[in-house]
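Enquirer: have a look; sequence and predicted model below, questions after that.
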Amino acid sequence: MKFKSLHEKAKLVDDLIDDYIETKGASFVPMNDLEKTVTAAFPDAVLANLGLHRLVFCLRHKSHELALKTGKVHAIELDHKAYKQLPASLRHVYFARIFWHTKYSLLQEYGAEAEASAEGVAQLRAIASKYGLLDITCDNIRSINGYLKIVDASLAPPGLFKLWKTADTVKLMLPPPVRKAIRKSRMLTADKGR
């Protein structure tokens, strides 16, 4: 197993989350508490992104830039399922490798921020769409070993792919400032729930 020491820490985070849920009778840990739990186990972790159901931390391990995604079981399962949508022969060519996952965490290649050209994004979107993946934007693409790779994607619920694809296409036609405002609004809404 790659990054075994990080896996052990992630299992500790799982245990702490389970303890919290059991003792508080909660459905999950509030995002503020989750952030504190993860940074206690991973002192070098830097919060890179937050959502409604999970947090993304950037970790540096030797020469590797990694993302530790931690959140509700369903969110982690969806991330893993999206990754596995691509056939094994293409998966690591276009999607950032996922090394392992635990109940509440997933470790993935993260790479560096990328300046993706419109053509590069369009190519990744076309390949991802062919396998049922959506939400491939510049924000969800990073440069890993010099190659553009998807680090996050969405799967439409069964039977709703065409509808979600239409919404995804419309969202892409919005001017970048509007898309950024929508993304910031979603992040602020998620932050209020923390």
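Expert: That came through, no problem. Numbers count the residues shown, from 1 in each chain.
Enquirer: from Leu124, how far out is His101?
Expert: 23 Å (C-beta to C-beta, to the nearest Å). C-beta here means a position set from N, CA and C on the backbone, and glycine is covered the same way.
Enquirer: so the two - more neighbours on which side?
Expert: Remark: of His101 and Leu124, Leu124 carries more neighbours, 22 against 18, as counted by other C-beta atoms under 10 Å.
Enquirer: for the residue located most distally from the centre of the chain, give me phi and psi.
Expert: In the chain, counting by C-alpha atoms, centre = their mean, Thr23 sits farthest out from the average C-alpha position, at 28.2 Å. Thr23 adopts backbone torsions of phi -70, psi -30, taken as degrees, to the nearest 10.
Enquirer: which SS class is the spatially most central residue of the chain?
Expert: Centroid-nearest residue in the chain, with C-alpha atoms, centre = their mean: Asp152, separated by 4.7 Å. Put simply, Asp152 is coil when judged by DSSP: H, G, I helix; E, B strand; the rest coil.
Enquirer: just the pLDDT at the residue farthest from the centre of the chain, thanks.
Expert: Note on Thr23: pLDDT of 95.
Enquirer: packing partners of the helix or strand that Ile127 is a member of?
Expert: Using DSSP states H and E, the element containing Ile127 is helix 118-130. If contacts are counted by 3 or more C-beta pairs under 8 Å, 6 or more residues apart in numbering; DSSP states H and E, helix 118-130 sits against helix 88-94, strand 141-144, strand 147-150.
Enquirer: out of these, which is closest to Gly111?
Expert: strand 141-144 (3.5 Å; C-beta to C-beta).
Enquirer: I'd say Thr37 and Asp14 touch.
Expert: No - the pair Thr37 / Asp14 is not scored as a contact, 10.2 Å apart, by C-beta atoms under 8 Å.
Enquirer: coming back round to it: torsion angles phi and psi at the residue nearest to the centre of the chain?
Expert: Dihedral angles (degrees, to the nearest 10) for Asp152: phi -160, psi 140.
Enquirer: ranges for the helices of the protein?
Expert: Taking DSSP state H, the helices of the chain run over residues 4-24, 31-41, 73-85, 88-94, 118-130, 161-173, 176-192.
Enquirer: please point out which parts of the first one sit buried.
Expert: It refers to helix 4-24. Using 16 or more other C-beta atoms under 10 Å as the test for burial, helix 4-24 gives Leu6, His7, Lys9, Ala10, Val13, Asp14, Leu16, Ile17, Tyr20.
Enquirer: can you list contacts of it?
Expert: Outside helix 4-24, the residues that touch it by C-beta atoms under 8 Å, 6 or more residues apart in numbering are 1, 26-29, 33-34, 37-38, 41-42, 59, 61, 66, 68, 70, 100, 102-105, 107.
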